[in-house]
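Chemist: need a 3D model of the following:
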Amino acid sequence: MIYVIGHCHIQKMTSPTQRSLKYLRDIGYTVAIVEHWNCFAHKRYDLFGFADLMAIRENEVLLVQVTSGTNVSARVKKITDNEHLPAVRSAGIRIEVHGWRRLKSGWAPKVVDLS
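Modeler: Coordinates of the predicted model:
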């Protein structure tokens, strides 16, 4: 999508969440956004404190934390320190961090599997 303001063209950036939604759908998942905004607290809440997306396909449930490529290690630490991690793992739910970075060929995720 391109916006035109005066004589300048401004490209609307696609969010990392939108990129992961497309990426997961392209590889066969049904995906839902599971983070929400609390307008009273002015704070965003992730499912179980770390998941932005839930993706499902036959015999598989995947929770995904989405971030920029430079913040992957911080998100991995956030998840490994999370009190709900053992319960999520014991339920057989897979966990990934998608860190989006721009390459010469376009946007690509660095996928870290924390299952």
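
Chemist: run through who's touching the helix or strand containing residue 96.
Modeler: When elements are assigned from DSSP states H and E, residue 96 belongs to strand 94-103. For strand 94-103, the external contacting residues (Cβ atoms under 8 Å, 6 or more residues apart in numbering) are 16, 19-20, 23, 50-51, 60-72, 75-76, 79, 85, 88-89, 107-115. In short, each C-beta sits where N, CA and C put it, glycine included.

Chemist: kindly report the same for stretch 24-33.
Modeler: So stretch 24-33 is contacted by 17, 20-21, 52-57, 62, 64 (Cβ under 8 Å, 6+ apart).

Chemist: returning to what we had before: pLDDT of whichever helix or strand comes after the strand holding residue 96, averaged?
Modeler: Per DSSP H and E, the first helix or strand lying C-terminal to strand 94-103 is strand 106-113. Across strand 106-113, pLDDT averages out at 94.

Chemist: swap in stretch 24-37?
Modeler: Stretch 24-37 shows a mean pLDDT of 95.

Chemist: centre of the chain versus that stretch, how much separation?
Modeler: Mean-position distance between stretch 24-37 and its chain equals 8 Å (Cα atoms, centre = their mean, to the nearest Å).
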